[in-house]
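Trainee: sequence-free structure coming up:
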């Protein structure tokens, strides 16, 4: 169940409790860092820590369209949001290995802003892209929701877009690839709102709808 008023998620998933991730709200005028963490109640050490960052605000976000695999253009506010996020990351006593980013322009531009501040290499990964809306890419969200969203779920009639199961499985594959490449490391992953939620959901075997939505340039910490 998501409690948006106090900003945490708590879900029983098999033997795992999901508690809300570390969250960073970045606004051009005010930033706030909350220190809740995603934790597993299991008697084993974490092998990898991921700081998941959503890209900054884009012109397409303001247009309120299904952005999907469009490149996306950061607004001035979006760039400032990411700079604020980079400052919060820099203030943490953490030795980051690198930044891994979706290869879409809005994510890579965000990753490069963080890289400039933290002096870290950036590695693009196509698998970290946002949900692929296929032929519906660019459609206004309100129009698409009226036509294709039922009971809170996107239901496209002709297989013309990536399904919820598809993106959930892709997120799981991404986590596996990251854990293989960066075992025992702490890394920053720059990605997209819905994909980030699916990463968390897949790890805890939950539905992504149970994970609180990311705002632009928000940071959450995931212990694997």
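Mentor: On my side now, so go ahead. All values reported here derive from a predicted model rather than from experimental measurement.
Trainee: Who are the contact partners of the residue most central in space within the chain?
Mentor: Centroid-nearest residue in the chain, with C-alpha atoms, centre = their mean: residue 196, separated by 2.6 Å. Applying C-beta atoms under 8 Å, 6 or more residues apart in numbering, we find residue 196 in contact with 52, 54, 214, 220. Placement of C-beta: from N, CA and C, glycine included.
Trainee: do that again at 7 Å, thanks
Mentor: Applying C-beta atoms under 7 Å, 6 or more residues apart in numbering to residue 196 gives the contacts 52, 54, 214.
Trainee: Which of the residues you listed fall in helices?
Mentor: Applying DSSP state H to the contacts of residue 196, no entry is found in helices.
Trainee: most surrounded residue in the residues you listed?
Mentor: residue 54 (30 neighbours; other C-beta atoms under 10 Å).
Trainee: what residues are up against the closest residue to it other than its chain neighbours?
Mentor: Spatial nearest neighbour of residue 54, chain neighbours left out: residue 214 (4.2 Å); criterion: C-beta to C-beta, 6 or more residues apart in numbering. Applying C-beta under 7 Å, 6+ apart, we find residue 214 in contact with 54, 193, 196, 197.
Trainee: Report the secondary structure state of the third one.
Mentor: On the three-state scheme (DSSP: H, G, I helix; E, B strand; the rest coil), residue 196 is labelled helix.
Trainee: secondary structure element for residue 171?
Mentor: Taking DSSP states H and E as the criterion, residue 171 maps to helix 164-181.
Trainee: Please identify the buried residues of that helix?
Mentor: In terms of neighbour count (16 or more other C-beta atoms under 10 Å), helix 164-181 has its buried residues at 164, 167, 168, 170, 171, 172, 174, 175, 178.
Trainee: any idea which of these is closest to residue 92?
Mentor: Of all the buried residues of helix 164-181, residue 92 sits closest to residue 178, with 19.6 Å by C-beta to C-beta.
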